[in-house]
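Asks: here is my input; please provide its structure:
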Amino acid sequence: MSFRLDGMDEAAVASFCVVPRVVLLDEVSSTMDEAHCLAESGAPNGTVVIANRQLAGRGRFGRRWTSEPGLGLWMTVLRRDVEVTGLDVLSLRIGLRLAAVLDPFSDERVTVKWPNDLLVRRQKLAGILVEARWREAAIEWAAIGIGVNLIAPADQPGAIGLRTGTRRIDLVRAIIGQVAEACMVPGEFADNELMAFSSRDAAAGELLSEPGRGRAAGVTSNGALIVETPAGRELFRRGSLVFASEAG
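Replies: Numbers count the residues shown, from 1 in each chain. I've put the predicted structure just below:
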């Protein structure tokens, strides 16, 4: 069953956001799953799936993402033009771009937490999940899931929302173009992107308990987290960042 997003139907949202197709679902298990199904059926590049509620929204490693009606924007963007050489840093590249466009909707500056979260005052505002489907050595499509809290869910004490009155339709329009551009950027991080990450690094200089015990020292050009440990500098490509002060 469909729903209206801030009073707009699917055609109106697609026109407002300048995308070929928008699918609005009142309730769904996961917008990621729906996007993959649509891709298999030939949905065009740039298709956007938005749910009013997700019953099984997920983040990395299958973690649950609270996705109740009215509390946030739950969406997946289907892209068929992903630059394969940029895939390893795509989540972070999108995160950097989204942090900048979400700033105007937040009471404080949005920061980036490696590898795929956006924070405000160390509280989780948004998450990004990229799932690619391959045909031999080429990416056939990627589903880019984005969850943004408008209102912090009561069952997530470490979460935060955006400024009161923020409309989901305005978030969609701000986000769509940034996702499309990020997908087409080739290669690893350029110097300007590393500088941008440094300026928004939520963990800069902080003590960590995971993925390694030590002090966060930024990221490499290929998106690896740098941790200064007692044994020396270590690089981490996988895992989750946990602040030492929040471990337990």
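
Asks: per-residue pLDDT, Gly59?
Replies: Gly59 is assigned 53 on the pLDDT scale.

Asks: which residues are contacting stretch 195-205?
Replies: 92, 96, 99, 109-114, 117, 119, 122, 189, 215-219, 241, 243 (CB atoms under 8 Å, 6 or more residues apart in numbering). Placement of C-beta: from N, CA and C, glycine included.

Asks: for Met4, which non-adjacent residue is spatially closest?
Replies: Small correction: residue 4 is Arg, not Met. The shortest distance from Arg4 to any non-neighbouring residue, by CB to CB, 6 or more residues apart in numbering, is to Leu24 (7.3 Å).

Asks: so which strand or helix has that neighbour?
Replies: strand 22-28 (DSSP states H and E).

Asks: tell me how many other residues crowd Val84.
Replies: Using other CB atoms under 10 Å, Val84 is surrounded by 13 other residues.

Asks: my guess is it contacts Glu140. True?
Replies: No - the criterion here is CB atoms under 8 Å, and Val84 misses it with Glu140 at 11.0 Å.

Asks: so the residue nearest the centre of the chain: helix, strand or coil?
Replies: With distances taken as CA atoms, centre = their mean, Ile128 lies nearest the centre of the chain, 2.0 Å away. Recorded secondary structure, Ile128: strand (DSSP: H, G, I helix; E, B strand; the rest coil).

Asks: what stretches of this structure score poorly on pLDDT?
Replies: Applying pLDDT under 70 to the chain picks out residues 57-66, 248.

Asks: tell me the domain ranges of it?
Replies: 10-190, 203-246 (automatic domain parsing).

Asks: distance to Ala196 added to those domains, as a markdown table?
Replies: Compiled in a markdown table, the domains of the chain are given as follows (distance: least, CB to CB, whole Å):
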| stretch | distance to Ala196 |
| --- | --- |
| domain 10-190 | 5 |
| domain 203-246 | 11 |
